[in-house]
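*Asks:* Quick one, structure for this:
(2 chains, ligands or ions: 1)
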Amino acid sequence: MNGSHPHYLRPGLPAPRPARDGLDAPFWSALREEQLLLQRCGTCQRWQWGPEWICHGCHSFDMVYEAVEPVGQIFSFERVWHPVHRALVDQGPYIVVLVELPTADNVRLVGNLLGDPRQPVPIGANVSGIFEHHSDADPPYTLLQWRLT
Amino acid sequence: MAGVGQTTYYKHGQSPHAESRLALEAILNACADAGIAPEEIDGFSSYSNDRNDGPRMAAALGCRELRFSNMFWGGGGGGAAGAIQNAAAAIAGGLADCVVAYRGLAQGQFGRFGRGAEVGQVSGEAAHTTPFGLMSAAQMFAMKAMRFMHDHNVERSALRAIALASYQHAQTNPLAIMNGRPLTPEKYDDSRWIVEPFRLFDCCQENDGAAAIILVPAERARDLPHPPCYVLGATSGGHYRAGAPVHNTPDYASSHFKTVARRLYDMAGIEPEDVNVLQSYENFTGGVLMAIVEHGFCEPDEVNDFFSIENFLAPSGRLPLNTSGGNLAECYMHGLGLTIEAIRQIRGDSPNAVPGAEVSMMIAGPMVTPVSSCVFGSQATL
Ligand SMILES: [Zn+2]
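*Replies:* Model (predicted):
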């Protein structure tokens, strides 16, 4: 994805693990299967993200993980130049995007924008998700990344 | 506001003293400034999970009685006015008579803020950001500023004006870390990117030191050594779901002051045009940008005209800003240095005093939740 390297960022960053209380476990296990699951209220049908035990709209505890097509728009972005983690010292610039999902009440996800790290990043542009597998990690995990469409 | 105290300010990790000692020193300095015996302190108010808790401080100082011990929730500098709010509320409510608001920081002892955690795994909210290389405060807030600047066509010169004002004011403040290290527009423009839209000089320092402010009931003001300085208002909080996880705050491109500022003006009984001088917490200049707009000093689409070095310079600018050098150029004491400077402006002993300043505002910790802000006034404002 970034030259010959299979991952956008260099290895050595902390690996994501499901929260110990299980709140976001379905999200992480679905990514392994190349599926994006986000929380939806079983009572009022409102989408919600990040993960919460309760629906902020109707206070139902019936929060269900439902599949969402990983397509959306760039809501904002940043290009990082100064590495704050040892793993990224030789990374060079990279792009973090905040992606809004119109089919899920505009909830937002953080990811990287694949491709040239120096490319212009148009706010509002359409993006689609790419599943970036870290199968060598122990335990393995998958990140959802984004590319312009 | 009875007295203010600071320690020497050090570059991060360079304090020769332990954090707890720094906090005690700042409290003693504030007591001396107020002409109050340390034993008289009966309340402690801090923020940002300060490690020097009230009960320990009270015991160490031999305070006769502890009546109020309070921590303002939230990280960063969101409580640099919130600690004043809670101290003032305790006094107004009759819970305590002599409250110190304080913050001590020694990062050599406890590690830096602007570093990613060197750990193998992350979970909770961090699991949804850290693996994408989003982990420092600058990285957490850059996307808010980026979106605001996009929505309102803000030019880089607006951010630059904030940095230039802070640095210029530091040149006449002997306490300031950046005293003797002026910033020019060229030096700003040539500085390296940290994370777009922030360059090096858009980001605060990290420092070691401590600061403290002593509050007593307003009736005691005339017995104190300094010209009276009153809390006209202090509010805190955040707008609807400001604390929503993983960058999902509905009104995202915000410093989180839209409701807090309105309540502040109502409580103080003033409007933006009444404010003579402003201290606005610079974690990053983009936060100052949005905070000034959300406190009603200019409309979002007027930013490119309003944000100029001329407008921000003491003594005669339209809105003198960060007149001690602020977090960028005086010291990063999680904003309490800015609160002290707001008080000095009313007392008249600021290094860049605004002549005749009667109303002075301090804005704390833009973009975190909760944020806070407060207004100080002279005798004439009562
Ligand atoms: Zn619901």
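
*Asks:* and B:Tyr20, what does it touch?
*Replies:* Check again: residue B:20 is Ser, not Tyr. Listed by C-beta atoms under 8 Å, 6 or more residues apart in numbering or on different chains, the contact set of B:Ser20 reads B:Arg51, B:Asn52, B:Arg56, B:Ala60, B:Gly104. For glycine as for every other residue, the C-beta is placed from the backbone atoms N, C-alpha and C.

*Asks:* ok so it is a helix residue?
*Replies:* Yes - if the criterion is DSSP: H, G, I helix; E, B strand; the rest coil, then B:Ser20 is within a helix.

*Asks:* quick one: pLDDT of it?
*Replies:* What the model reports as pLDDT for B:Ser20 is 92.

*Asks:* separation between it and chain A?
*Replies:* Taken as C-beta to the nearest C-beta, to the nearest Å, the spacing of B:Ser20 relative to chain A amounts to 28 Å.

*Asks:* Just give the closest residue to B:Lys189, not the sequence neighbours.
*Replies:* Check again: residue B:189 is Asp, not Lys. Counting by C-beta to C-beta, 6 or more residues apart in numbering or on different chains, B:Asp189 lies nearest to B:Arg160, which is 7.4 Å off, once chain neighbours are set aside.

*Asks:* how about the one you found, phi and psi?
*Replies:* When quoted as degrees, to the nearest 10, the phi and psi of B:Arg160 stand at phi -60, psi -40.

*Asks:* now A:Trp53
*Replies:* On the backbone of A:Trp53 - angles per degrees, to the nearest 10 - the values are phi -80, psi -20.

*Asks:* That one reaches A:Phe61, doesn't it?
*Replies:* Yes - in this structure, A:Trp53 sits in contact with A:Phe61. The criterion is C-beta atoms under 8 Å, and the distance is 6.4 Å.

*Asks:* Which members of the contacts of B:Ser20 are positioned in strands?
*Replies:* Those of the contacts of B:Ser20 mapping onto strands are B:Gly104, per DSSP state E.

*Asks:* quick check, nearest of the contacts of B:Ser20 to the ion?
*Replies:* For the ion, the nearest member of these is B:Arg51. The distance, counting by C-beta to the ion, is 39.6 Å.

*Asks:* For burial, what's the neighbour tally of that closest one?
*Replies:* 15 (other C-beta atoms under 10 Å in any protein chain shown).

*Asks:* coming back round to it: roughly how far apart are the residue nearest to B:Asp189 and B:Met361?
*Replies:* Look at B:Arg160 and B:Met361: by C-beta to C-beta, to the nearest Å, they are 22 Å apart.

*Asks:* cool, and B:Asp349?
*Replies:* 18 Å.

*Asks:* So those two - more neighbours on which side?
*Replies:* B:Met361 (30 against 13).

*Asks:* For B:Trp207, list the residues it contacts.
*Replies:* Trp isn't right for residue B:207; it's Asn. Applying C-beta under 8 Å, 6+ apart to B:Asn207 gives the contacts B:Tyr9, B:Tyr10, B:Lys11, B:His12, B:Leu105, B:Gln107, B:Ile177, B:Cys331, B:Tyr332, B:Met333.

*Asks:* Export those as CSV, with columns for neighbour count, secondary structure and pLDDT.
*Replies:* Written out in CSV, the entries for the contacts of B:Asn207 read as follows (neighbours: other C-beta atoms under 10 Å in any protein chain shown; DSSP: H, G, I helix; E, B strand; the rest coil; pLDDT from 0 to 100):
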residue, neighbour count, secondary structure, pLDDT
B:Tyr9, 23, coil, 84
B:Tyr10, 20, strand, 84
B:Lys11, 15, strand, 83
B:His12, 19, coil, 81
B:Leu105, 30, strand, 86
B:Gln107, 21, helix, 73
B:Ile177, 20, coil, 90
B:Cys331, 33, coil, 86
B:Tyr332, 29, coil, 84
B:Met333, 28, coil, 81
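
*Asks:* Adding distance to chain A, write the residues you listed out as TSV.
*Replies:* Formatted as TSV, the contacts of B:Asn207 follow (distance: C-beta to the nearest C-beta, whole Å):
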residue	distance to chain A
B:Tyr9	23
B:Tyr10	22
B:Lys11	18
B:His12	14
B:Leu105	19
B:Gln107	14
B:Ile177	20
B:Cys331	21
B:Tyr332	16
B:Met333	22
